[in-house]
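Trainee: Structure of the sequence below:
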Amino acid sequence: MRDVAVKAGVSVATVSRALAGNYPVSDEARARVMAAVESLHYVINVHAKALSGGVAGPVALVMKDITGPSLAHVAAGVEQEAADRGRLSLVCATHDDSAREDDLVQLMREQHAAAVLLVGGVVPDEAYVRRMAGYAKALDAAGSRLVLVGRPAPKDGLPVTVVDYDNRGGAFQATSHLLAYGHRRVLFLGGERGLSSSDERRAGYRDALRAHGAEHVEELDTTGTYTRASGFVRTRDALRTGLEFTAVFAASDMVALGALAALREAGLDVPGDISVVGFDDVPFASDLTPSLTTVRVPYEELGRTAVRMALARGDTLTDDDVVLGTQLVIRQSVKRLDW
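Mentor: Residues are numbered from 1 along each chain as shown. Presented below is the predicted three-dimensional model:
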């Protein structure tokens, strides 16, 4: 700023006023300042302005992995909503490392982020509760906001916003659809036990079995990661061991993709021999052959809602906890069995 002042032949205070635009400066002085700024390629120190409250803080998105299709859509929603509100968005990946998450939250606090959004399922144990409580209090003290997206709140009374979606209800819809079509032995390719989203989807699967009077068979209720490889191996192993089932409910579309590959390898037709339902409704689901019946999760709207709620703090919005609905999208991968 001193260099600009020398170049323009004005005081540093005049440069500051001309750039801030909130004090009267003569047109001639302003023109000289702006000419000097352009010729010197001067860039305003955003961090200094943030400390003085002169610039809106960014929105930070912290997730395990930025390559997965579901989380990528959350990120898209965050970026779009932040841009609509004149905010920068920062995207960071933890690679499932809690120490790295700690460091990123602290860094975003130092960067004066308006909100820090943590995305994705977790194991809600005591360590998680302590860490989230610590994040919430530290960010609140810095004038920021912790937003948990697709993960549970640590406990009541903390300065935290929760934006979730109906995992359990979506799984109930998917399983009920298969049961209503006459399927009674449904192979469930669930996620890892203890993970919040996985446990909720498993609960929805079991809720539907009870509601339709279908037996819960332990061998059909499997666990694994939300990957194509896991879906392939579990379906292949179920077929090789002679486990009887007429339908597969995969707890993610990536798992469903692996299940479809294993069924094709075994010479089975979908839905002629085995019906398949997924969960997520990622973009490729409608392009598969057959197109995949699946549960649509509003991932982009999750991101948008999280930003809206975080930035609305102190306005008329008072609700700090919202659950978005899911929707069963019926396509061609399910066959009605003859009664």
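Trainee: By mean pLDDT, flag the weakest helix or strand of this protein.
Mentor: helix 46-51 (a mean of 49; mean pLDDT, DSSP states H and E).
Trainee: Then Leu61 would be within a helix, right?
Mentor: No - applying DSSP: H, G, I helix; E, B strand; the rest coil, one finds Leu61 to be strand, outside a helix.
Trainee: contacting residues for it?
Mentor: Residues near Leu61 by C-beta atoms under 8 Å, 6 or more residues apart in numbering: 74-75, 78, 89-92, 117, 119, 303. For the C-beta atoms, the positions are set from N, CA and C on the backbone; glycine is no exception.
Trainee: Please state the offset of stretch 8-21 from the chain centre?
Mentor: 44 Å (C-alpha atoms, centre = their mean, to the nearest Å).
Trainee: send the alpha carbons of it over as PDB?
Mentor: Listed next in PDB are the C-alpha coordinates belonging to stretch 8-21 (Å, rounded to 0.1, in the frame of the first residue of the first chain):
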ATOM      1  CA  ALA A   8       0.100   7.800  -7.000                       C
ATOM      2  CA  GLY A   9       1.500  10.800  -5.000                       C
ATOM      3  CA  VAL A  10      -1.000  10.500  -2.200                       C
ATOM      4  CA  SER A  11      -0.900   9.400   1.400                       C
ATOM      5  CA  VAL A  12      -1.300   5.800   2.600                       C
ATOM      6  CA  ALA A  13      -4.600   6.800   4.300                       C
ATOM      7  CA  THR A  14      -5.900   8.000   0.900                       C
ATOM      8  CA  VAL A  15      -5.000   4.700  -0.700                       C
ATOM      9  CA  SER A  16      -6.800   2.900   2.000                       C
ATOM     10  CA  ARG A  17      -9.900   5.100   1.700                       C
ATOM     11  CA  ALA A  18     -10.000   4.800  -2.100                       C
ATOM     12  CA  LEU A  19      -9.800   1.000  -2.000                       C
ATOM     13  CA  ALA A  20     -12.300   0.600   0.800                       C
ATOM     14  CA  GLY A  21     -14.800   2.900  -0.900                       C
END
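Trainee: Which positions within it qualify as buried?
Mentor: When burial is assessed from 16 or more other C-beta atoms under 10 Å, stretch 8-21 yields the following buried residues: 8, 10, 14-19.
Trainee: How about stretch 172-183?
Mentor: Under 16+ other C-beta under 10 Å, the buried positions of stretch 172-183 are 172-179, 183.
Trainee: What ranges does the stretch 101-250 of the chain have for its strands?
Mentor: 115-119, 146-149, 160-165, 186-189, 221-222, 247-250 (DSSP state E, counting those that start in this stretch).
Trainee: Give me the helices and strands touching the third one, please.
Mentor: So that's strand 160-165. strand 146-149, helix 299-311, strand 321-324 (3 or more C-beta pairs under 8 Å, 6 or more residues apart in numbering; DSSP states H and E).
Trainee: Same question for the fourth one.
Mentor: Here strand 186-189 touches helix 167-180, helix 196-211, strand 221-222, helix 228-240, strand 247-250, helix 253-265, going by 3+ C-beta pairs under 8 Å, 6+ apart.
Trainee: now do the shortest one
Mentor: Packed against strand 221-222 by the contact rule (3+ C-beta pairs under 8 Å, 6+ apart) you find strand 186-189, helix 196-211.
Trainee: Quick one: mean pLDDT for the last one?
Mentor: The predicted model assigns helix 196-211 a mean pLDDT of 96.
Trainee: can you check stretch 262-277 too?
Mentor: Rounded mean pLDDT across stretch 262-277 is 97.
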